[in-house]
Every structure is written in structure tokens, then in C-alpha cells.
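K.L.:
show me how the following folds:
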Amino acid sequence: MATVLVTGASAGMGKATAARLLGEGYSVYAVARRVEEMGELEKAGAIILAVDVTRDDELVALVERIEGEQGGVDVLINNAGFGLYGAVEDTSIEDARYQFEVNLFGMARLTQLVLPGMRARGSGRIVNISSMGGKVYTPLGAWYHASKHAVEGWSDCLRVEVKPFGIDVVVIEPGFVATEFGAVLAEPMLRRSGQGAYAALAGKVAAASGGENAVKGTPAAKLAEVIVKAVSARRPRTRYVAGKYARPLMFTRKWFGDRVYDRVVMSQV
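P.N.:
Numbers count the residues shown, from 1 in each chain. Presented below is the predicted three-dimensional model:
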């Protein structure tokens, strides 16, 4: 059975996907910074490793280990990522760069490292976890959405480059998912924009992202089903859209335009 590498596997979609792949008989390497959160995966048979996708030395060591133990990575699931929220005016460029380091450049570097082996074998699959946020936008999420829009374009270029070598590139575009995403973004956002000109908007976005008034997202296990489908399909689609509100919001922006979409999204906060 194929060897799969899953990043960001300590929680949410990454953890659920790794668990489901193990159940399907895949050999799974599950990596994240919080290795202590992956004990269940280890008991189920995963090889768990502490890896920070922004550290080049750790990525190189990871790929070298898998090549030594398994002969290489057959399927790479680039799931590691987070959402940086705050008004553009209030968010430091240093923080914005880190958002891209995790959401785009970490993914890109790890992909570079596994591609030579995939090309040599004449097969491979790279699954990039984007977001409906790569096609639409929400208030105070400029840097997060910019990173996911970048993932979309980067993945499209990669797909046509590696197709001649038998390598598939798939983009997953989740909607609202029941993960740590909302809880993790709210507190830093309020530190940046909870005072001053954007305070009222920040308070509304925080209320919509966490707590009793938060949007109830699709269970991560449902998204894991979609990701595993993309991994196992003989001829996968280039994109899979799944999760609450993803299709209607993407449809609204595409067919009704930005002004209508602006009114729709702002009505939710």
C-alpha cells in the first residue's frame, strides 16, 4: 500500500484524514509541531514526528527518513496551515510573512523535496488543502485569504508542470469546518484590531468565529472522507469542494459579482 505523508496532523482535518487513511490500510507518516496530540494516531499505526513546516532542515530530514524507510513519499497531503486575522492596517508585515511561510512556502518546499522521487517512480499525488477562502473572502482576513489564493494559483501551475511525469495535483477547498480554526484566530485578531478604528468589526468577526454564536461547521471527519477520496481515486478531479457554505458562497461571488457578495458576507457579521 502507498506511503502517505500528512502535515498538520495534530488536529482537525489532518488528524481525521490520517486516521481514515490508516483504516484504509495506507502507511501513514503524520507530522505536526504538537507531536503530543498525535498519540491516538501512533497507537493506530502511524509514524508520528515533530516537524515545523517553516524549518527547512526538519523538512529535509523528514523526506530523507521516509525515503530510507519506505523508498519515498507516494502521496503528500499538504494540510498544515492557520488563519491570520486582523485589519490590514493593524497587522505587521512580519506576521503577514509568517502566514505565507506556513500556508504557502512550507507547502512549496516540502513539495520540492518529494518531487524528485515521484518523478523517478513515474507516479505520485500531491493534495493541497486550500479553502473556499482561496476563491472568496471574509472581513479582516486579508493575509489569510491572500495565502490561500496563492495556494490556488501555485497548485494550478504545479499541476501542468508535473503531469507529464505521472504526478497528480489536487486542491481541496473546504468551507466552514468544525476545527480549532475559529478559536485560534479570534484572540490574536482581537489583540491586533480589538481597539481603535476596527474594534466593532473585530468584535463581530470574533463572535461569528467562536463561542455560542459561532457558525457550526462540518465535522472534520466528513472532510477527511473527501480527502481520502482524492487520494484513492484512479483519476482524481483537480478540485474538490466540501463543507458548510463553500458552494453557495463561491457560487454567489462567481455569478453575482463582488458587490452582491460583499453585502452577503457582511450581513453575517
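
K.L.:
can we go C-alpha only for contacts and neighbour counts from here?
P.N.:
Noted.

K.L.:
so where's this protein shaky on pLDDT?
P.N.:
The model of the chain has pLDDT under 70 over residues 179-183, 210-215.

K.L.:
by residue count, tell me the biggest strand in it.
P.N.:
In the chain, assigned by DSSP state E, the strand with the most residues is strand 167-174.

K.L.:
pairing partners for the helix or strand following it, with directions?
P.N.:
Sequence order places strand 177-178 as the next helix or strand after strand 167-174, per DSSP states H and E. Strand pairing for strand 177-178, using DSSP bridges, gives strand 218-219 (parallel).

K.L.:
list the contacts of A46.
P.N.:
A18, L22, S27, V28, Y29, A30 (Cα atoms under 8 Å, 6 or more residues apart in numbering).

K.L.:
separation between it and R20?
P.N.:
11 Å (Cα to Cα, to the nearest Å).

K.L.:
go on, A2?
P.N.:
A2 is 14 Å from R20, by Cα to Cα.

K.L.:
please apply the same query to N128.
P.N.:
17 Å.

K.L.:
again with R191
P.N.:
Looking at R191 against R20, where the rule is Cα to Cα, the gap reads 37 Å.

K.L.:
and these two? Which one has more around it.
P.N.:
Between R191 and R20, counted using other Cα atoms under 10 Å, R20 has the larger neighbour count: 18 against 13.

K.L.:
now the angle from the helix or strand that contains that one to strand 167-174?
P.N.:
With secondary structure defined by DSSP H and E, R20 is part of helix 12-23. Taking axes from the mean of the first three to the mean of the last three Cα atoms, to 10 degrees, one finds that helix 12-23 is oriented at 130 degrees with respect to strand 167-174.

K.L.:
could you list the residues in contact with the very next helix or strand once past helix 12-23?
P.N.:
Downstream of helix 12-23, the next assigned helix or strand under DSSP H and E is strand 27-32. For strand 27-32, the surrounding residues in contact (Cα under 8 Å, 6+ apart) are 1-10, 15, 18, 21-22, 38, 41, 45-52, 80.

K.L.:
other SSEs contacting the longest strand of the chain?
P.N.:
strand 124-129, helix 142-162, helix 220-232, strand 239-242 (3 or more Cα pairs under 8 Å, 6 or more residues apart in numbering; DSSP states H and E).

K.L.:
in the first one, which residues are buried?
P.N.:
The reference is to strand 124-129. Neighbour counts using 16 or more other Cα atoms under 10 Å place G124, R125, I126, V127, N128, I129 of strand 124-129 among the buried residues.

K.L.:
closest to F165 out of the residues you listed?
P.N.:
Nearest to F165, judged by Cα to Cα, of these is G124 at 8.7 Å.
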